[in-house]
Structures are given as C-alpha cells and as structure tokens.
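> Give the three-dimensional model of this entry:
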Amino acid sequence: MSSPSPVFDEIAWRDTELRREVRRCATGLSKLAKTIQLTEDFITPTPRKLAALISETSALIAEAVERRIPTAELAAVNSFLSNAALHLRFVERARVAQTPWSLVQPAEELLKLAAGQGTHFIIRPTWSYNYSIRGDFWAQYKRYLESRKWFSLDLVRQRADISDTEKVYCVSFPRIERANALLHALWGHEVGHILVARWVRDTFDTEWKKAELEIKKKFEASVRKSPPPAGELFKERAIQDEIAKLTNATRVVAQQGITELLCDHVGGHLFGPAALAATLEFAARFSLDAPPESSSQNYPPWRYRIRQIVLSCDADLADHAEIGYPPPKLKPFVEWLREAKRIADSKSDETLIRNNPVTNQAYDFITTHWTSAATSVIGMLPPELSKPYRLSERYARVVSLIERIEQRLPPNTVDGYPGSPASLQDILCAGWAYKALQIHGNPAWGT
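This next block holds a predicted model:
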C-alpha cells in the first residue's frame, strides 16, 4: 500500500521560488551594473556613480535574501530591483558615442553649480522628443531601504562611496537632437525643476491655502447661478461637489503652471537669449495657444511661456547705441529674437485662459505670486549665478567666439583673454548668433 502524497504547501512553494528569483535577479543586476561601470566610456564620473550605487545596493540585497528578508517583503523587493534595473538604461545611454560629448562636461559643471555642490547629473538621449529630468535616484533608494531592518545603508554609503548630501539626477534630451548643441540651452529649464521643487514644497501650499477661500467663493457664486442638474434633495450636495471639483482642478493647473513658468525663468536667467532662442525653435512645433487643460500635464500655452522669457531677456532685445549694441555680427540674431516680442504681443493665449473659469482663477493666482516666487527661486542660486546672463554686457566676448566659428575653430576660448576659457552660455549664444547670421545671408542655410 503506497504512502499518501505529502500535502502541497503553496505558500512555502512560493516563498522558495520567489526567494530564489529575487536572489538571482539581485545578483545579475549587481554584476551587470558593475560591468557597465567598469567597461563603458563616459565623459563624466556621474554615470559610473549611479552604476556603482545600483551594483552595491543589489549585491547587499542578494546577500540578505537567504535568511533576513521576511517573506511578506519579497514581492516589494522584487519591484524595487525592477525599478533599479530600469535606471541602468540612463547609465548605458550616457556613453560617449550617445551624447554631445564636448558639451556634457561643461553642462554638468554649470548644472551642478546651479543646483548645488553634491548634485550630479547624467546627460543622456531619449527617443521621446522632449527634454526632461528624473531623480533623485539616491533619495529614492534611501526612502525605500532606510526602514528595512535587514538592510544596511551604511554599507552602501561605504561601498558606493556616496554620502547623504549627494544627489543623482538624469537629464534627458531628444536623441534626434544629439548634434544640435544650440537646443541644449533648454537644460537650464530642467535644472530649474530642482530649485522650483523646493519652492513648491516650502511655499506653494501655504500660499494656496491663503487664496483658496476666496477662489471657492468665486466658484460658488458662479455655480449657484447655474447649478448642476440634481433633484431638490441632492441639489446642495451637487453644488458643493462641483465647487470642490473646480477648486481642486484650479490648484492642479496653478501648481503645474507656475512650476513650468518658474523653470523657464531659471533657464532664461542662466542662458539669456540662448534660452529664448531654443524655446522659440522648440515651440514652433506646437500650437502656441493650446490652453492648459488641453494638456495632460496642464502646461502653460507656449505663447505665455515665450512672453515670460522675453521679459527676462528684454534688455538684450533693445538697442544700446551708446555701447554699439548690437554689433553687426549679432544684429541678425537680435532681430530674430525680436520676433518673440511680436509673438508675445498677441494676447490670444490670455483670452483662452480667461474664458475658462478654472484657468482664469489659476492664472490669477500665478500672476499674484509671480514676483515673490521668481525672486525666491533665483535666490536659491549661488552668488556666481545670482546675476542674469546679459548678452548686451558680454557681446565682445561672444563676437570673438563667432569669429572663431567662422574660422572653423572651436569656440571654447576667448581671443584677447589669454588662458580664459569661454563660458557655456557665451558659447551657446555665439552658436545661435552664427546660425542667425548664416540664415540672414541664405534662408536655406542648415536645412
């Protein structure tokens, strides 16, 4: 007579299999990250720093899987490893061959200066036609792991050589624009997100709560004039629900709108006319008057954004005859940028904003708080970047760089200033001015 089959314990089976899989994935991820860290070529140390962080974190998880990680946490650990594996793509795409390598190092140095020392940037291409910023990866890892008794963050700090004051971000640019160095002035907007996030965290909610009651009153007056359809028994509830919905939508539009506009302001402050030129060229692909609520991310209309950057660059768009600005080599560039003022003079975007009760209230809030918010965000920059970039104050240097481009020389040093390397802002302005100069002579140039 055969003995009875043992009772199948599905919980024990899943624990065994999942534990084995998590250990295998953690070990594999650690080895892959280490290989990328040691064998790939990168312009700056930042990609290797993130690879080392992923490798050492995964190795420690693999060591902990056998006994220390509770069964109930294994699925979440697996999700954490899956996300960390996705972050390796940022490292791999930051190789020399994939990036505008001559710009990566000076760009990272400028972005680090703007965002604060201890901040590191991976710069990599993406197939999506967009500029964006992701991270901070180290903060994400710490948030998940610091409460896990089975994990030692101190060992990660030691093995990956990273401190708690350090931050790691990834700035992405469209792959198709790798060689279009001029458009990369939009990186100033992306670093702006780091600064603006601090203002949103520290100030936005406080200011919103001060304004919310008045906004609700305005919506209540409007909704009571034309209440939503509901029976008499539920009429008041329907009215209150509609007021709450409109108020919440306004908050979302206001927060996203002021965030993007402040980031544009940082870009204009750091890069001046180069930021305006890049914004104009990028915006030409889209409707200038798409209302905020037509976008899933509630972006401000491009015309509105251009208008704000024009205001920050206004001094460089004017003639300064007393100093000979703009000189002949800059005149086509300045004339082209003045088209932005003509675009901004139209108020078609504002008409659309004012015709919608949500965007009307949201942009009233933005207008009211704009000056204090912009001053606060720019005040986060270090002293070296506290003054806005002014082409009208640096035009002699920029003209000398244009002349180097005309001679097929890299615009990386300033003639007449021995041993003085050119700033990234001057280089980008010179590149835009050279482009405008060529198009002025031949409209088909560069097509």
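> Next, count neighbours for residue 226.
7 (other CB atoms under 10 Å). Just so you know, the C-beta spots here come from the backbone N, C-alpha and C atoms, and that holds for glycine as well.
> again, but for the one 4 residues further on
Here the neighbour count serves as a burial measure; for residue 230 (other CB under 10 Å) it reads 14.
> what sits against it?
Taking CB atoms under 8 Å, 6 or more residues apart in numbering as the criterion, residue 230 is in contact with 237-238.
> Secondary structure of it: a helix, I assume?
No: Residue 230 sits outside any helix when classified using DSSP: H, G, I helix; E, B strand; the rest coil, being coil.
> And it, how close does it get to residue 241?
For residue 230, the distance to residue 241 (CB to CB, to the nearest Å) stands at 9 Å.
> Over to residue 310?
For residue 310, the distance to residue 241 - CB to CB - is 41 Å.
> longest helix in the chain, by residue count?
As assigned by DSSP state H, the longest helix anywhere in the chain is helix 235-271.
> more neighbours, residue 310 and residue 241?
Higher neighbour count among residue 310 and residue 241: residue 310, with 22 against 14, using other CB under 10 Å.
> Do you have the helices of the stretch 151-300 of the chain handy? List them.
Secondary structure of the stretch 151-300 of the chain by DSSP state H, counting those that start in this stretch: the helices cover 153-160, 187-199, 205-225, 235-271, 273-283.
> Rebuild the ones you listed as CSV, extending it with mean pLDDT.
Putting the helices of the stretch 151-300 of the chain into CSV (pLDDT from 0 to 100) gives the following:
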stretch, mean pLDDT
helix 153-160, 94
helix 187-199, 93
helix 205-225, 92
helix 235-271, 93
helix 273-283, 94
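> Nearest to residue 143, out of these?
Comparing those against residue 143 with CB to CB, the closest turns out to be helix 153-160 (10.9 Å).
> ok, and for that closest one, which residues are buried?
156-157, 159-160 (16 or more other CB atoms under 10 Å).
> Please report the separation between the first and final residues of stretch 159-167.
16 Å (CA to CA, to the nearest Å).
> hmm, who's touching it?
Looking at what lies outside stretch 159-167 - CB under 8 Å, 6+ apart - the contacts are 49, 52-53, 55-57, 59-60, 115, 118-120, 135-136, 138-139, 142, 156-157.
> gap between that stretch and the chain center?
22 Å (CA atoms, centre = their mean, to the nearest Å).
> circling back to that earlier point, could you pick out the buried ones from the contacts of stretch 159-167?
Using 16+ other CB under 10 Å, the buried ones in these are 49, 52-53, 55-57, 59-60, 115, 119-120, 135-136, 138, 156-157.
> got the contact list for residue 138?
Applying CB under 8 Å, 6+ apart to residue 138 gives the contacts 53, 162, 166-168.
> ok, those residues vs residue 76, which is closest?
residue 53 (19.3 Å).
> Is that closest one in contact with residue 136, as I believe?
No: between residue 53 and residue 136 there is no contact under CB atoms under 8 Å: 11.2 Å.
> can you list residues touching both of the two?
Contacts common to residue 53 and residue 136, judged by CB under 8 Å, 6+ apart, are residue 168.
> Residues contacting stretch 106-114, please?
44, 46, 119-121, 123, 171, 184, 187-188, 190-191, 195, 266, 270, 381-382, 384-385, 424-425, 427.
> I'd like the average pLDDT over that stretch.
Averaging pLDDT along stretch 106-114 gives 87.
> so who does the nearest residue to residue 131 once chain neighbours are set aside touch?
Once flanking residues are discounted, residue 131 sits nearest to residue 186: 4.7 Å by CB to CB, 6 or more residues apart in numbering. Shown in contact with residue 186 (CB under 8 Å, 6+ apart): 131, 173, 267, 275, 278-279, 282.
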